[in-house]
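Enquirer: quick one: sequence and predicted model below, then my questions.
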Amino acid sequence: MADAGPIRVVGLGGSLHATSNSLAALRLALEGAAEAGGETEALDIRELDLPFYQPDAPDVPPSVERLCTAVAGAQGMLWSSPLYHGTISGAFKNALDWLQLLSDRDPPYLTDMVVGLISTAGGTQGLQAVNTMEFVVRALRGWAVPLVIPVPKAWQAFDREGHVRDRALEEQLRALGREVARAAKQFAAGPPLTTAGAAAAEAALQPLGDEGVA
Ligand SMILES: Cc1cc2nc3c(=O)[nH]c(=O)nc-3n(C[C@H](O)[C@H](O)[C@H](O)COP(=O)(O)O)c2cc1C
């Protein structure tokens, strides 16, 4: 198998909370991706400070440019959202909405990109956010790895400074990061996974934008 060179894994996540459990979880997973040889970058939702997605925005705001450039250059991603009212947070979804700007990427959106999914919850229903994220991965033509980490009772798992207290959880998050980097490396080393036929069928079923079928 040919060596595809360094693999870039971009983490997107966190909340607008100054001490974010979902950001802490994301950082651990990114450490795992680095352990597996990935070049990593964390995109912190709070620090990005994205405006609301606007379909007819006259200019691309710098924060959106940063998001889209980082994502377009990645072979793997890690997503981490808090569970808000049984689903992903609005701020996290807003970041995903901006990825609409990657509709004219070639190949579009996250085609052939590997994504690892994490959520942190106060209770036990974090899988609901993970499942929601998986729908988005699919809509963006990405590939979610089977291992997912919904963190229950995140207030117990991390301290107020964002340090992990649960060593087993830390290892699970690192394992997810390693898995994403490893899978992304395999994807990148081979021929494109998404064939022209599959891409055409996808475009017919899921148009790239308001204009209709691409
Ligand atoms: C607006 C809001 C809604 C929430 N909804 C839920 C919920 O439906 N279920 C749950 O288990 N936890 C819920 N939580 C708790 C968060 O999921 C939990 O504290 C999470 O770890 C926060 O992540 P963060 O530290 O990255 O902001 C909610 C918290 C907030 C602020």
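Expert: On my side now, so go ahead.
Enquirer: just checking, Phe158 touches Leu26?
Expert: No - using Cβ atoms under 8 Å as the test, Phe158 is too far from Leu26 to be in contact (11.6 Å). The way it works is simple: take the backbone N, C-alpha and C, and place the C-beta from them, glycine included.
Enquirer: who has more neighbours out of those two?
Expert: Ranked by neighbour count (other Cβ atoms under 10 Å), Phe158 and Leu26 place Leu26 first, with 28 against 24.
Enquirer: can the helix or strand encompassing that one be found next to the ligand?
Expert: Here Leu26 is covered by helix 21-35, with elements defined by DSSP states H and E. Yes - using Cβ under 6 Å from any ligand atom, helix 21-35 comes into contact with the ligand via 21-23.
Enquirer: quick one: which of these is most hemmed in?
Expert: Busiest of those [other Cβ under 10 Å] is Ser22, holding 30 neighbours.
Enquirer: for Asp166, see how far away that residue is.
Expert: 15 Å (Cβ to Cβ, to the nearest Å).
Enquirer: Thr194 too?
Expert: In terms of Cβ to Cβ, Thr194 sits 37 Å off from Asp166.
Enquirer: show me where pLDDT drops low in this protein?
Expert: Residue ranges of the chain with pLDDT under 70: 1-4, 209-214.
Enquirer: hmm, 80 instead?
Expert: Applying pLDDT under 80 to the chain flags residues 1-5, 206-214.
Enquirer: where do the strands of it begin and end?
Expert: Secondary structure of the chain (DSSP state E): strands located at 7-13, 38-44, 76-84, 87-88, 114-120, 143-151.
Enquirer: what are the contacting residues of the second one?
Expert: Yep, that's strand 38-44 we're talking about. 6-14, 20, 23, 26-27, 30-31, 33-34, 66-67, 70, 74, 76, 95, 177, 180-181, 184-185 (Cβ atoms under 8 Å, 6 or more residues apart in numbering).
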